[in-house]
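*Asks:* Following is a predicted model, sequence given first.
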Amino acid sequence: MSNEVLTIIIQVLVPVLATALGTVLIALANNASSYLKQRTNSNILKRYISLLDSVVVDVVRGLNQSTVEAIKAAAEDGKLTKEEITMISAQALESVKNILGVRGIEVLRLVFEDLDALIATKIERAVGEAKIPEISEVSVCNQ
């Protein structure tokens with residue numbers, strides 16, 4: 001009789017345990033999938049933010065070498081007008097967006113609602129940092 005009871009218990013418990021185990025495994029797989037997807041998206045976003053920073057610096061340096069210096073040299077007082085600053089800023093913004101491309105802009109807009117404002121802020125920061133003399137240049141000048 002104990003074999004019959006054991007057989008009945010096994011016949012009842014095995015399907016229940018198999019179902020429970022299957023549910024747990026599916027939940028674990030879904031969580032792992034979500035985690036990997038989130039981590040991948042995070043890494044992609046980090047790469048695009050890093051790319052944005054790099055592109056902004058390169059664009060500011062490039063415009064400073066070409067456009068800004070040429071306009072300053074042509075000006076009587078050697079300074080940019082407000083209109084010229086606005087034009088160069090717009091050119092910098094457009095250049096950054098062109099370099100990032102459609103995909104880069106799409107990825108960054110997923111996180112940053114006003115991407116143009118973010119880029120403009122980064123451009124202003126890069127311009128400000130470009131105006132600060134390097135420590136090595138200051139120490140060389142002081143010697």
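*Replies:* Arrived safely, thanks for sending. Numbering: from 1, shown residues only.
*Asks:* What's the separation between the residue minimising distance to the centre of the chain and L93?
*Replies:* The central residue of the chain, meaning the one whose C-alpha is nearest the mean C-alpha position (CA atoms, centre = their mean), is I49 at 2.2 Å. From I49 over to L93 the distance is 17 Å, taken as CB to CB, to the nearest Å. Bear in mind the C-beta positions are built from the backbone N, C-alpha and C, glycine included.
*Asks:* quick one, helices of this protein?
*Replies:* For the chain, helices defined by DSSP state H occupy the ranges 2-63, 69-74, 82-109, 115-131, 135-142.
*Asks:* Would you format those as TSV with mean pLDDT included?
*Replies:* Putting those into TSV (pLDDT from 0 to 100) gives the following:
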stretch	mean pLDDT
helix 2-63	78
helix 69-74	78
helix 82-109	92
helix 115-131	88
helix 135-142	44
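*Asks:* Just give the closest residue to the residue nearest to the centre of the chain, not the sequence neighbours.
*Replies:* Sequence neighbours aside, L108 is the residue nearest to I49 in space, at 7.3 Å (criterion: CB to CB, 6 or more residues apart in numbering).
*Asks:* residue contacts, A120?
*Replies:* Taking CB atoms under 8 Å, 6 or more residues apart in numbering as the contact definition, A120 lies against S89, L93.
*Asks:* Check the one 3 residues further on too.
*Replies:* When contacts are counted by CB under 8 Å, 6+ apart, I123 touches V56, V59, V60, S89, A92, L93, V96.
*Asks:* quick one: contacts for the nearest residue to the second one once chain neighbours are set aside?
*Replies:* I take that to be V59. If you skip the residues right next to it in sequence, V59 has S95 as its closest partner in space, 4.7 Å away by CB to CB, 6+ apart. By CB under 8 Å, 6+ apart, the residues touching S95 are V59, G62, L63.
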